[in-house]
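Peer 1: Got a predicted structure plus its sequence, pasted below:
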Amino acid sequence: MRLAFILGEIGSGLRRNLSMVISVVLVTFVSLTFVGFAGMLQMQIGQMKGYWYDKVQVAVFLCVDTSTAATCASGPATAEQKATITTMLESPAIKPYINAYQYESQDDALKHFREQFKNSPIVDSVTADQLPSSFRVSLVNPEKYQIINESFSATPGVETVIDQRQLLEQLFSVMNGASVVAVAIAGLMILCAILLIANTIRLSAFSRRRETGIMRLVGASKTVIQLPFVLEGVIAAVVGAVLASVAVWAVARFLVQGYLADTYKDTAFISASQVLVLAPGLVLLAIVLAGISSALTLRKYLKV
């Protein structure tokens, strides 16, 4: 009996304030979609870090004709200098930190350059003698980059030592920045959703003030009177959260997994199934926001 009454009141409230309920659904959908995108972006950053950090190398670039470093005063790296570097890489002091290394000649560098920039108009203007040869070093622990840097940066024939992680960190910092922007927009939209939920509940309570007055007189409990209003806001917010979860999953399935993963096969992308773990959090966040907003509004506009 009491459950049927509460459900009837919820249905009545949703019908009377249909336009406001739709507004709550849409604003909640947009705000939680941004929250979901921020979470998905953080998952992608974690996935890429775990994938690329195991593959990054330290590049020991050798001197060429145009090098200006002090270690290149004698000109391009000689065969003797290259042999010295190889001996250092094989030495007992450095070898334990190295997983593997390989020498990349200028011709090899040109080949890789043309593969990487095959769609660039400058690809045909670059020649092998403009690109430095290098030793590509994979470390047992990528955090030990400084050992290689300190050992080789002052070695004759070495122009510079570059940790590829530094390049990745720049990319990750941009992605983190995008994530922060998404969270900021989501926070603003969540505030709008809270205000809309509060306004919807206030209008619903005002339109049914006669019924609630009668219920007070017949001795209905505070919970029975307020629960339909709270559930109206929660239902609208949950619908928005479900739609946001579907939108985030669709982006992961069709854009990330369907397009980006096929286009950039050398990059580790998250899967649509991984993104599903965000859905319960979005729904729970919607329930909490709607519940708190509704409860605070009812305390002010529905004295029981």
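Peer 2: Here it is on my side, so go on. Quantities reported herein were computed from a predicted structural model and do not represent experimental measurements. Numbering: from 1, shown residues only.

Peer 1: shaky segments in the stretch 101-250 of the chain?
Peer 2: Along the stretch 101-250 of the chain, the parts satisfying pLDDT under 70 run over 119-121, 167-168, 171, 203-227.

Peer 1: all helices of it, in order?
Peer 2: Under the criterion DSSP state H, counting those that start in this stretch, the stretch 101-250 of the chain contains helices at 106-116, 145-152, 164-207, 209-217, 222-250.

Peer 1: Is it possible to get TSV of these that adds mean neighbour count?
Peer 2: Yep, even glycine has a C-beta here, placed from its N, CA and C like the rest. Converted to TSV, those look like this (neighbours: other CB atoms under 10 Å):
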stretch	mean neighbour count
helix 106-116	14
helix 145-152	17
helix 164-207	17
helix 209-217	12
helix 222-250	21
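
Peer 1: among these, which is nearest N99?
Peer 2: Nearest of the helices of the stretch 101-250 of the chain to N99, taken as CB to CB: helix 145-152 at 11.9 Å.

Peer 1: Relative to the whole chain's centre, how far out is that closest one?
Peer 2: Computed by CA atoms, centre = their mean, to the nearest Å, the chain-centroid distance of helix 145-152 equals 32 Å.

Peer 1: Show me what it is packed against.
Peer 2: Applying 3 or more CB pairs under 8 Å, 6 or more residues apart in numbering; DSSP states H and E, one finds that helix 145-152 contacts strand 58-62, helix 79-89, strand 134-139, strand 158-163.

Peer 1: mind listing what the shortest one pairs with, with the direction of each?
Peer 2: Each strand paired with strand 58-62, and its direction, by DSSP bridges: strand 134-139 (antiparallel), strand 158-163 (antiparallel).

Peer 1: quick one: that strand to chain centroid distance?
Peer 2: On CA atoms, centre = their mean, the centre of strand 58-62 falls 31 Å from that of its chain.

Peer 1: Please work out which residues outside that strand touch it.
Peer 2: When contacts are defined by CB atoms under 8 Å, 6 or more residues apart in numbering, strand 58-62 is touched by residues 76-77, 81-82, 85, 132-139, 145, 148-149, 152, 157-164.

Peer 1: which parts of it are buried?
Peer 2: Neighbour counts over strand 58-62 (16 or more other CB atoms under 10 Å) mark 58-62 as buried.

Peer 1: angle of it against helix 106-116?
Peer 2: Angle of strand 58-62 versus helix 106-116, following axes from the mean of the first three to the mean of the last three CA atoms, to 10 degrees, is 130 degrees.

Peer 1: Restrict strand 58-62 to CA atoms and write it as PDB.
Peer 2: C-alpha atoms of strand 58-62 as PDB (Å, rounded to 0.1, in the frame of the first residue of the first chain):
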ATOM      1  CA  VAL A  58      67.900   6.100 -24.300                       C
ATOM      2  CA  ALA A  59      69.300   7.500 -27.600                       C
ATOM      3  CA  VAL A  60      73.000   8.300 -27.600                       C
ATOM      4  CA  PHE A  61      73.300  10.500 -30.700                       C
ATOM      5  CA  LEU A  62      76.800  10.800 -32.300                       C
END
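
Peer 1: List the buried residues of stretch 265-283.
Peer 2: 269-270, 272, 274-275, 278-279, 282-283.

Peer 1: which ones among those residues are found in helices?
Peer 2: 272, 274-275, 278-279, 282-283 (DSSP state H).

Peer 1: need the residues you listed in CSV with pLDDT and distance to D107, can you?
Peer 2: Converted to CSV, these look like this (pLDDT from 0 to 100; distance: CB to CB, whole Å):
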residue, pLDDT, distance to D107
A272, 86, 42
Q274, 87, 41
V275, 88, 43
L278, 91, 48
A279, 93, 52
L282, 92, 53
V283, 93, 57
